[in-house]
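Student: kindly generate the corresponding structure for this input.
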Amino acid sequence: MNVYKTESIRNVVFLGHGGAGKTTLAEAVAFATGAINRMGKITDGNTISDYDKEEITRQFSISASVVPVEWNGLKINILDAPGYFDFVGQMEDAMSVADAAVIVVNGKAGVEVGTIKAWEICERRQIPRIFFITNMDDPNAKYMETVEELKAQFGKKVAPFHLPIIEDEKLTGYVNVVKMGGRQFTDNAGNYTERDIPDSVKADLEPCREQLMEAVAESDEELMDKYFMGEEFTTEEISKALRKNVISCDIVPVQIGSGVTAQGVNSFLQTCEKYFPSADKAEVMKKATNLDTGEEVIADFDSSKPVSAYVFKTIMDPFVGKYSLVKVRTGILKAGDTVYNATKDVEEKLSKLYVMRGKNVIEVPELHSGDIGAIGKMASTRTGDTLATREWPIEYHPTTMSKPYTYMAYRAVNKGDEDKVAQALTKLAIEDLTLKFIVDDENKQTLLYGIGEQQLEVVASKLKDKYKVEIELERPRIAFRETIRKKSQVQGKHKKQSGGHGQYGDVIMEFEPSGDLSEAYEFEEKIVGGAVPKNYFPAVEKGIQECVKAGPLAGYPVVGVKATLIDGSYHPVDSSEMAFKTAAILAFKKGFMEASPVLLEPIASLSVTAPDKFSGDIMGDLNKRRGRVMNMTSIEGGKQIIEAEVPMLELYGYSTALRSITGGSGEFEYVVARYEQAPGDVQAKQVAENSNQ
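Tutor: Predicted coordinates:
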C-alpha cells in the first residue's frame, strides 16, 4: 500500500442499527476499489470486516475493524463499527479517530433506534455525516418514505442528493440532484454511465433541488443575493457551498445504493473526496496537554511538527498477535522510531509499522498525520495512551467510554483454571474498555461487568474458543448488611479444662443499635471494680471485630451495632486473651440474635433516559421491581429522565428489560445510595439460601 499525505486521507466511520448493512457496504467498497477480488457474504462468514470466530458464528459485528481502500489518489480508512448496543465501546473507539460518518439505513426498515443513536453521537462530536440508504435493490425498499422519516426525526438539514430510478421494479440507476443528471448502473462494481432523467422522478426532484439551492444560498451573502435575483448558481458555487455546509454539519446528504450489488458505491467514494474533510480540515480538533509545561496543545495534523499519535484500539489475539492501532495526529511516524509513551512514562522502540485491513496486515514504512495504522508488540502501550517524543511530551485526552452497569458472577468450570481465566480476561479487557472484572471478597465471588448480557455471553464464548478456559456465568450475590433493632444483654462464658492451664473468659455485654450505619460497630466498656482486667479489653474488642465480618443472621457484614462490656469475671491462672476473645464471640452471636436482627438491602439511585412515549411502561416495570420514582425531567429530543430508587436485588437483568421496553433506545446508570431494611419475605429468602451454603 502506498504512503499517503494528510490531505489525501479520509477517515470515515460506518454507523447504524445492527443489521442495517454496514459490513456489507464496507465489503462492496473494498471490492469496487480493488482491495479484494471477490465480495464475501456475512452468511458465508468470509467478509473482510467480520473475521473473528464469534462474529462469523453470530453473523454480526462485535469489534470495530479498519478497512483502508485506495481510490483516485485517496486513501479512505473505513471504520466498520458494530451496531448492536452491547458493543458500544467498540463504536466509541472508532468514533474517536473518525473525521466523518456514514449512517447506514436499511431501505426496508427505515429509521431505527440505531439510526437515532448514531445521529446523536455524531451531533455530540459534531462530525460531518451522510445517510446511505442501502438495500435499495429490494422491491420492498421505500426511499422517499425513509427520507421523510429522516427529516421528521432530524430536521431540515437532511437533504437528498440522490433519487432512485426504479424500472420494472428494479433499481437501475439514480438521479444526481446536485448535478441534475441521471445515472445508469452498468455493473456490480459500482460503475455507471450518464442517462436522461426519467419523468417518474421529476415530481420528487423539484422540491429536493429547491432545498439544496436554499442551502447553497444561505452559505454566503453574495449567493443569497444571487438566489433572490433569480440567477442560477454555477456548478463550482454549488459544490463549494455544499462542501462547506456538510463539513459544518449544516447539511446531511442522503445517498442510495446496495451493498449486495455495490450499486451507489462509486458515488459514495466521490462524496468522500468532495464533501468529507481530511484530518487537517476537520473542524473538530483533539486536545492534548504538554506534560512539561501544562499548556494545552491542539492536534492540527501538521506533518512538520514532532510526531504524536493516539492509541484508539488494541487487538490481543492468541493467533493474530498484539497490535496497537493508532491515529497519527502530528508529524510522521516511521518504522524504527523510538517513541515516548507519555501516559505510561516509558520509551518504546517501534520495529515495524502496519496498515490493517480486517485481519490482514500490510507493512508500510511510515504514516503521515491523519493516517491510521498499527504497531506490533508494544509492551506497555494500551488503548487511550499517547505516543510522542521526550522533547515534546504531550498526552491526548482519552475518549470517554460508556460505563458498564450490567454484571454477573462467574467461576472457572475446572478447578485450578482461576489464574488462566484471570489472564485471559485481562487480555479481553485490554481490547474492550467497557469490560471489567473484579474480585468481590465480601461475597466471595468474582464479577464480570459489561454493557449488556450479550456482551458477557460473548466473553464467555471467547474464553472457551480462544483461550481454552471455561467459565460459568451466574446470578451475583448482593451485598446485604445485618444490623439490630433492639437492645439485648447476654453473658458469654468460655470455660475449658484440658489438663494443666485451662481456658476461662466470662463477659456480660449489652448490644444495641448505634445509629450509625456507616460504621460496623462501636465498642465501649463500663467495668466497675476490675471484674474484667483492663488488659483483656482489647481481646474482647477483637472478638467483636471478628464477628462483624459475617453476621449470625445470614453471614453478611454487620453494621450499626454498639457493644458495651458491662461485667464479667476472670481466673487468675486460666484466663487469657484468647479465652476472652472467644467469650466475646459467644456473647455477640447470642446477643445479636436476641436484639431483633434484620437484613439491610442496598438501594440504588437509578437514572433512566428514554423517549417520552416509553415513560409509562418504564415506571410500571420499576414498580414491579419495588422501585420508587422520585423525579421526572423532560430534556431535548423528546426524552425523559426518570429518577428512581430501586433495590439492587431487583436490578438484575435490567439492561435486557429496558432494551425490550424501549427497543434499545433507553439508557440507564446507577449508584448505590444507601441501605434500608429489607422486607420480611426478602429477608426470609436470603436467610434460607445462606443457611444451605
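Student: any idea how far the closest residue to residue 85 other than its chain neighbours lies from residue 398?
Tutor: Closest residue to residue 85 apart from its sequence neighbours, by CB to CB, 6 or more residues apart in numbering: residue 664 at 5.3 Å. C-beta coordinates here come from the backbone N, C-alpha and C atoms, glycine included. Going from residue 664 to residue 398 by CB to CB, to the nearest Å gives 26 Å.
Student: can you check residue 643 too?
Tutor: 29 Å.
Student: how about residue 475?
Tutor: Here residue 475 is placed at a distance of 33 Å from residue 398 (CB to CB).
Student: these two - which one has more neighbours?
Tutor: Of the pair residue 475 and residue 398, residue 398 is the one with more neighbours under other CB atoms under 10 Å, namely 16 against 9.
Student: ok, that one touching residue 384?
Tutor: Yes. Here residue 398 reaches residue 384: they are 3.8 Å apart, a contact under CB atoms under 8 Å.
Student: centre of the chain to stretch 217-228, how far?
Tutor: Relative to the chain's own centre, stretch 217-228 is displaced by 43 Å; criterion: CA atoms, centre = their mean, to the nearest Å.
Student: can you tell me what sits against that stretch?
Tutor: 213-214, 216, 233, 237, 241, 244-245, 250 (CB atoms under 8 Å, 6 or more residues apart in numbering).
Student: again, only this time at 7 Å
Tutor: Residues from elsewhere that reach stretch 217-228 (CB atoms under 7 Å, 6 or more residues apart in numbering): 213, 216, 233, 237, 241, 244-245.
Student: looks like the residue nearest to residue 85 contacts residue 83 (just checking).
Tutor: No. Taking contacts as CB atoms under 7 Å, residue 664 lies outside contact range of residue 83: 10.0 Å.
Student: for the residue nearest to residue 85, helix, strand, or coil?
Tutor: Here residue 664 takes the coil state, with states given by DSSP: H, G, I helix; E, B strand; the rest coil.
Student: distance of it from residue 610?
Tutor: 10 Å.
Student: which pLDDT value goes with the residue most central in space within the chain?
Tutor: In the chain, the centroid-proximal residue (CA atoms, centre = their mean) is residue 89; its distance is 3.1 Å. Residue 89 is assigned 90 on the pLDDT scale.
Student: how about low-confidence regions in the protein?
Tutor: 190, 319-320, 498-500, 692-693 (pLDDT under 70).
Student: could you give me the buried positions within the strand ranked longest in it?
Tutor: In terms of residue count, the longest strand belonging to the chain (DSSP state E) is strand 597-611. Using 16 or more other CB atoms under 10 Å as the test for burial, strand 597-611 gives 597, 599-604, 606-611.
Student: ditto for stretch 198-206
Tutor: Buried-residue list, stretch 198-206, by 16+ other CB under 10 Å: 198, 201, 204-205.
Student: equivalent analysis for stretch 625-637, please.
Tutor: Residues of stretch 625-637 classed as buried by neighbour count (16+ other CB under 10 Å): 625-627, 629.
Student: nearest to residue 438, of those residues?
Tutor: Among the buried residues of stretch 625-637, residue 625 lies closest to residue 438 (CB to CB), at 24.1 Å.
Student: contacting residues for that closest one?
Tutor: So residue 625 contacts 646, 650 (CB under 7 Å, 6+ apart).
Student: doesn't residue 55 make contact with residue 45?
Tutor: No. In this structure residue 45 lies outside contact range of residue 55 using CB under 7 Å: 8.2 Å.
Student: higher neighbour count, those two?
Tutor: residue 55 (21 against 14).
Student: was I right about the more buried one contacting residue 49?
Tutor: No. Contact criterion CB under 7 Å: residue 55 and residue 49 do not qualify, at 8.2 Å.
Student: shared neighbours of the two, which are they?
Tutor: residue 61.
Student: which residue comes closest to residue 565 once chain neighbours are left out?
Tutor: In space, residue 565 is closest to residue 525, 4.3 Å off (CB to CB, 6+ apart).
Student: what's the separation between the one you found and residue 305?
Tutor: 70 Å.
Student: can you check residue 4 too?
Tutor: 18 Å.
Student: helix, strand, or coil at the closest residue to residue 280 other than its chain neighbours?
Tutor: Computed as CB to CB, 6+ apart, the closest residue to residue 280 that is not its neighbour in sequence is residue 301, at 4.0 Å. Three-state call for residue 301 (three-state DSSP): coil.
Student: likewise for the one 10 residues further on?
Tutor: Judged by three-state DSSP, the three-state class of residue 311 is strand.
Student: give me the number of residues near it?
Tutor: Neighbours of residue 311 (other CB under 10 Å): 25.
Student: confirm for me that it is in contact with residue 327.
Tutor: No. The pair residue 311 and residue 327 does not pass the contact test of CB under 7 Å, sitting 8.6 Å apart.
Student: helices of the stretch 51-200 of the chain, start to end?
Tutor: Per DSSP state H, counting those that start in this stretch, the stretch 51-200 of the chain carries helices over the ranges 53-58, 88-95, 113-125, 143-154, 199-218.
Student: so residue 668 sits in a helix?
Tutor: No. Secondary structure of residue 668 (three-state DSSP): strand, not part of a helix.
Student: residue 88 versus the residue lying closest to it once chain neighbours are set aside, what's the distance?
Tutor: The shortest distance from residue 668 to any non-neighbouring residue, by CB to CB, 6+ apart, is to residue 608 (4.7 Å). With distances taken as CB to CB, residue 608 is found 17 Å from residue 88.
Student: mind telling me what element residue 523 is part of?
Tutor: strand 521-525 (DSSP states H and E).
Student: could you dump that strand to CSV, C-alpha only?
Tutor: These are the backbone C-alpha positions of strand 521-525, laid out as CSV (Å, rounded to 0.1, in the frame of the first residue of the first chain):
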residue,chain,number,x,y,z
TYR,A,521,-19.6,-1.3,65.4
GLU,A,522,-18.8,0.9,68.4
PHE,A,523,-17.1,-0.7,71.5
GLU,A,524,-17.3,0.7,75.0
GLU,A,525,-16.5,-0.8,78.4
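Student: that one pairs with which strands, parallel or anti?
Tutor: strand 561-569 (parallel) (DSSP bridges).
Student: next, the angle strand 597-611 makes with the strand it pairs with.
Tutor: Counting by axes from the mean of the first three to the mean of the last three CA atoms, to 10 degrees, strand 561-569 points 170 degrees away from the direction of strand 597-611.
Student: just give me how far strand 561-569 sits from the chain centre.
Tutor: Worked out by CA atoms, centre = their mean, strand 561-569 lies 52 Å from the chain centre.
Student: tell me what the next helix or strand after it is packed against?
Tutor: Following strand 561-569 in sequence order, the next helix or strand is helix 577-593 (DSSP H and E). Helix 577-593 sits against strand 488-496, strand 503-513, helix 537-547, with contacts defined as 3 or more CB pairs under 7 Å, 6 or more residues apart in numbering; DSSP states H and E.
Student: for residue 420, find the nearest of those.
Tutor: Nearest to residue 420 among the helices and strands packed on helix 577-593 is helix 537-547; the distance by CB to CB comes to 33.9 Å.
Student: just the residues contacting that closest one, thanks.
Tutor: 507, 521, 523, 525, 558, 563, 565, 577, 580-582, 584-585, 588-589.
Student: of those residues, which is the nearest to residue 271?
Tutor: Within the contacts of helix 537-547, the smallest distance to residue 271 is 65.4 Å, found for residue 558 (CB to CB).
Student: give the contact list for residue 569.
Tutor: Applying CB under 7 Å, 6+ apart to residue 569 gives the contacts 506, 531.
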